[in-house]
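A.B. asks: Next input, structure requested:
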Amino acid sequence: MDYKQKVAQAIVKAVDGQLTEEEVLVKIEVPKTMNLGDYAFPAFVLAKVLRKAPQMIATELVEKIDPTGFEKVEAVGPYVNFFLDKAMFSQDVLHEVLTEQATYGNQDLGHGGNVPIDMSSPNIAKPMSMGHLRSTVIGNSIANLLKKANYNPIKINYLGDWGTQFGKLIMAYKLWGSEEEVKADPINNLLKYYVRFHKEDVEHPELDDQAREWFKKLEDGDEEAIFLWTWFRNESLQFFMKIYDKLGVEFDSFNGEAFYNDKMDEIVELLEDRDLLQESQGASIVDLESYNLNPALIKKSDGATLYITRDLAAALYRHRTYDFAQSLYVVGNEQTNHFKQVKAVLKEMGYDWSDDIHHVPFGLITSGGKKLSTRSGRVILLEDVLNDAVDLAEKQIEEKNPTLPNKEQVAEEVGVGAVIFHDLKNERLNNFDFDLEEVVRFEGETGPYVQYAHARAMSILRKAGVTEIDPNAAYELTDPNAWEAISLLGNFPQVIKRAVREYEPSVVAKYAIQLAKAFNKYYAHSKILADDDQKAARLALVASVAIVLKESLRLLGVAAPNEM
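C.D. replies: Residues are numbered from 1 along each chain as shown. Have a look, this model is predicted:
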């Protein structure tokens, strides 16, 4: 059931093969309003070849096109507009959704290929802030989408568990900390020490030197330094896991920066063997002028390796371990240049698989228009936001449906889901300002609105006493109010393809909002439970909407309660 392909084939036949099916497919559009049809072909793509006005080409094409299988085909200005046969289309779509259930929209784009996804990556000994939400939920949703397209995603939490900040933290702990405090409230107290260090070192720059000494001890395997580092890491991971459990996010690997400590020497040796290392002011660099990039600094003048050295080691390790089809880095927009350098160095090393590495950047979450920062103490804690969102959801459920069973569980699913959905409905490259009250509203373009549409569909099926719908019955819906919802259901496989191709969960989130709106409009205008010959078809549509809304939410990492 690929109606877009059917449109393309009709165009190719009408233009006597002057365009291929692939060329036509990429040009076909979906009109902004339904009165202009279901698909449109812009005739101006033929204007140069045929040397005619696009309007004239459109009119001539309509005369040549065989309208069999379409309700009608008409020319509107420079467009050829195709109206699908609604009865046939609705029967096909409902049959396919009801037969395939949650697997509807599945693709075989990946042929089972491995895709490591570098995501979340919080720093040890610091709380997870709203700043960590984006990488976590975007990465998780991309993993879900890739799995639906038959890739094998491997979610890697590349923990920030190494670096000079640990020298600062050890120093701060030894100056102002205590074992009792850390055991009582590990993350908040470790953060308190870290923030204080950055305030104190303004007037006492010698603290930086002492912190560097402690990090050097850590690198050299000093017993006390290793003990403190291991303790801080374990405490942090336990804390992080509570938040990941709340978000419903799991990982396949927690190999952080420290994991690659013993793998960087090989990178330096490989660069030396290939004569790629140059000396510049005592430091070792790789010249990337031919890529229009600044030199990649591989080793400082004191011999210390840098972030890029570690990322090169990680890339090589992941390729050897997973033999990946693609390797994704869901990391903020500000790191774009860094990943260009990583790819360029790997390319210079002769690794053509570097072409399969993709940085998936995203914009910032701000608060009151200002960037969040741990160092300055300007931080909104993710745990607090999730808890507040659940409380807000509970209040609204209490007002709207106080007798709801499993109120606490539904509030958790709605509150947490609202935060995730709000992030993912924004195109990932856009910055957005976070306002909790707006996020957990049951009205408007929110997660709870989509969840409520799903719950409403399930409620209708319960009222109708429907437990199972026969997918093989001939459901021909002639109700014009149903067409928008049916048309959107038919478009779901294309939505999946686009979201996977663009690594863009917002495509699915926006689709879910559209489908929820179309369904709510249908519900408002149609007597779904009226006892007539269309009742079974209407219930088939309700069941199909519930299936696709639930699957859309699942792909975003959001639950779909049956009652709200």
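
A.B. asks: Show me where the stretch 301-450 of the chain dips below the pLDDT cut-off.
C.D. replies: Within the stretch 301-450 of the chain, the segments meeting pLDDT under 70 span 369, 372-378.

A.B. asks: What segments of it are strands?
C.D. replies: When assigned using DSSP state E, counting those that start in this stretch, the strands of the stretch 301-450 of the chain occupy the ranges 327-329, 357-359, 365-367, 370-371, 432-433.

A.B. asks: Can I get the ones you listed in TSV including distance to residue 49 and mean neighbour count?
C.D. replies: C-beta here means a position set from N, CA and C on the backbone, and glycine is covered the same way. What follows is those, written out as TSV (distance: least, Cβ to Cβ, whole Å; neighbours: other Cβ atoms under 10 Å):
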stretch	distance to residue 49	mean neighbour count
strand 327-329	39	24
strand 357-359	35	19
strand 365-367	48	17
strand 370-371	51	11
strand 432-433	44	14
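
A.B. asks: Of those strands, which is nearest residue 185?
C.D. replies: strand 365-367 (23.3 Å; Cβ to Cβ).

A.B. asks: so what secondary structure elements neighbour that closest one?
C.D. replies: Judged by 3 or more Cβ pairs under 8 Å, 6 or more residues apart in numbering; DSSP states H and E, the packing partners of strand 365-367 are strand 432-433.

A.B. asks: And the strand it packs on, how far out from the chain middle?
C.D. replies: 17 Å (Cα atoms, centre = their mean, to the nearest Å).

A.B. asks: so how many other residues sit close to the residue lying closest to residue 50 once chain neighbours are set aside?
C.D. replies: Leaving aside its chain neighbours, residue 50 sits nearest to residue 57 (5.8 Å; criterion: Cβ to Cβ, 6 or more residues apart in numbering). Here the count is done by other Cβ atoms under 10 Å, and residue 57 has 23 residues near it.

A.B. asks: pretty sure residue 57 is in contact with residue 48, am I right?
C.D. replies: No. Taking contacts as Cβ atoms under 8 Å, residue 57 lies outside contact range of residue 48: 10.8 Å.

A.B. asks: who touches both of those two?
C.D. replies: Common contacts of residue 57 and residue 48 (Cβ atoms under 8 Å, 6 or more residues apart in numbering): none found.

A.B. asks: buried residues in stretch 271-286?
C.D. replies: 271, 276, 277, 283, 284, 285, 286 (16 or more other Cβ atoms under 10 Å).

A.B. asks: Now for residue 367: which residues touch it?
C.D. replies: By Cβ under 8 Å, 6+ apart, the residues touching residue 367 are 130, 378, 380, 433, 434.

A.B. asks: State whether the first one and residue 380 are indeed in contact, as I suppose.
C.D. replies: Read it as residue 130. Yes. Between residue 130 and residue 380 there is a contact at 4.5 Å, judged by Cβ under 8 Å.

A.B. asks: Which one's more surrounded, those two?
C.D. replies: A side-by-side neighbour count of residue 130 and residue 380, using other Cβ under 10 Å, places residue 130 first with 20 against 16.

A.B. asks: Now residue 71: which helix or strand?
C.D. replies: strand 70-76 (DSSP states H and E).

A.B. asks: List the strands paired with whichever helix or strand comes after that strand, with their directions.
C.D. replies: Next helix or strand after strand 70-76 toward the C-terminus (DSSP H and E): strand 79-84. Strands flanking strand 79-84 in the sheet, each with its direction: strand 39-42 (antiparallel), strand 70-76 (antiparallel) (DSSP bridges).

A.B. asks: which one of those strands has the most crowded surroundings?
C.D. replies: strand 39-42 (a mean of 22; mean count of other Cβ atoms under 10 Å).

A.B. asks: Compute the mean per-residue pLDDT across that strand, please.
C.D. replies: Mean per-residue pLDDT for strand 39-42: 96.

A.B. asks: Can you show me the CA trace of it as CSV?
C.D. replies: Output of strand 39-42 as CSV, limited to C-alpha atoms (Å, rounded to 0.1, in the frame of the first residue of the first chain):
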residue,chain,number,x,y,z
TYR,A,39,-0.7,14.5,-3.0
ALA,A,40,0.6,17.2,-5.4
PHE,A,41,3.2,17.2,-8.1
PRO,A,42,4.8,20.6,-8.9
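
A.B. asks: Work out the gap between that strand and the centre of the chain.
C.D. replies: 30 Å.

A.B. asks: and if you look at stretch 552-564?
C.D. replies: 15 Å.

A.B. asks: go on, stretch 166-177?
C.D. replies: On Cα atoms, centre = their mean, the centre of stretch 166-177 falls 36 Å from that of its chain.

A.B. asks: Now do that stretch, average pLDDT.
C.D. replies: The model assigns stretch 166-177 a mean pLDDT of 95.

A.B. asks: Pull out the buried residues from that stretch.
C.D. replies: Quick answer for stretch 166-177 (16+ other Cβ under 10 Å): 166, 167, 168, 169, 170, 171, 172, 173, 177.

A.B. asks: what does stretch 530-541 give?
C.D. replies: 534, 536, 537, 538, 539, 540, 541.

A.B. asks: what are the ranges of the helices in the stretch 101-250 of the chain?
C.D. replies: Secondary structure of the stretch 101-250 of the chain by DSSP state H, counting those that start in this stretch: the helices cover 133-148, 164-176, 179-184, 186-203, 206-219, 223-247.

A.B. asks: re earlier: farthest-apart pair in the contacts of residue 367, please.
C.D. replies: 378 and 433 (14.1 Å).

A.B. asks: list the contacts for the residue lying closest to residue 261 once chain neighbours are set aside?
C.D. replies: Setting aside the residues directly before and after it, residue 261 is nearest to residue 162 in space (Cβ to Cβ, 6+ apart), at 6.9 Å. For residue 162, the contact set (Cβ under 8 Å, 6+ apart) comprises 256, 257, 258, 261, 310.

A.B. asks: Quick check: the gap between residue 423 and residue 341.
C.D. replies: Using Cβ to Cβ, to the nearest Å, residue 423 is found at 28 Å from residue 341.

A.B. asks: Compare those two (neighbour count), which wins?
C.D. replies: A count of neighbours by other Cβ under 10 Å puts residue 423 above the other of residue 423 and residue 341, at 27 against 21.
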